[in-house]
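In: only geometry, no sequence info:
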């Protein structure tokens, strides 16, 4: 769980992941086998940029979703994503609400590329990379250890 937030981190920073430490829990998953319902992830990216994720499905009767949080911390500032809003804090701004660019619809772009009528905002390589990081985060949580990437 949380692969979309991993996509966001990579999308916003354009940096490679260097270390991953994650924890998760399957407790209270309503008998859904190995489904994790809550997780925390800490990432160190290139250039000593830190990112953390707090993700969960702990809601009564799944009344809501899309309330994941993301925080990327670097030497020039902090970007936080909360409730589909992006906030910037740096030397010039404190919690500046950044406007979201209307760059199109990622799913529509995907269908256009499949039909040969355009290209995706996210490449296949970027999708595979986010998937690899997500699987390594799960491995980190399962084995309770830091994962180091080249």
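Out: Looks like it arrived, so ask away. Worth saying up front: this structure is predicted, and the values here are computed from it rather than measured.

In: hey, let's count contacts and neighbours off CA atoms from now on
Out: OK.

In: Adjacent strands (with direction) for the helix or strand of the chain with the lowest mean pLDDT?
Out: In the chain, no helix or strand scores lower on mean pLDDT, DSSP states H and E than strand 69-74, which sits at a mean of 75. Strand 69-74 has the following strand partners under DSSP bridges: strand 49-56 (antiparallel), strand 77-82 (antiparallel).

In: Now do the first one: everything it contacts.
Out: Contacts made with strand 49-56 from outside it, assessed by Cα atoms under 8 Å, 6 or more residues apart in numbering, are listed as 1-2, 5, 9, 37-45, 68-75.

In: again with stretch 97-105
Out: 85, 86, 87, 88.

In: Verify the assumption that the second one is located in a strand.
Out: Yes. Under the criterion used here (DSSP: H, G, I helix; E, B strand; the rest coil), residue 86 sits inside a strand.

In: mind listing what it touches?
Out: Counted by Cα under 8 Å, 6+ apart, residue 86 has contacts 79, 80, 97, 98, 99, 100.

In: Test for you: state the pLDDT assigned to the third one.
Out: Okay, so that is residue 97. For residue 97, the pLDDT comes out at 86.

In: Give me the secondary structure label for it.
Out: Residue 97 ends up strand, using three-state DSSP.

In: Quick check: buried residues in the helix or strand hosting residue 129?
Out: Assigned by DSSP states H and E, residue 129 belongs to helix 124-143. Buried residues in helix 124-143, counting neighbours by 16 or more other Cα atoms under 10 Å, are found at 129, 130, 131, 133, 134, 136, 137, 138, 139, 140, 141.

In: Switch those over to JSON lines; also include distance to residue 51 and pLDDT.
Out: Formatted as JSON lines, those follow (distance: Cα to Cα, whole Å; pLDDT from 0 to 100):
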{"residue": "129", "distance to residue 51": "16", "pLDDT": "96"}
{"residue": "130", "distance to residue 51": "14", "pLDDT": "95"}
{"residue": "131", "distance to residue 51": "17", "pLDDT": "95"}
{"residue": "133", "distance to residue 51": "13", "pLDDT": "97"}
{"residue": "134", "distance to residue 51": "14", "pLDDT": "95"}
{"residue": "136", "distance to residue 51": "15", "pLDDT": "97"}
{"residue": "137", "distance to residue 51": "13", "pLDDT": "95"}
{"residue": "138", "distance to residue 51": "16", "pLDDT": "94"}
{"residue": "139", "distance to residue 51": "18", "pLDDT": "96"}
{"residue": "140", "distance to residue 51": "15", "pLDDT": "97"}
{"residue": "141", "distance to residue 51": "16", "pLDDT": "96"}
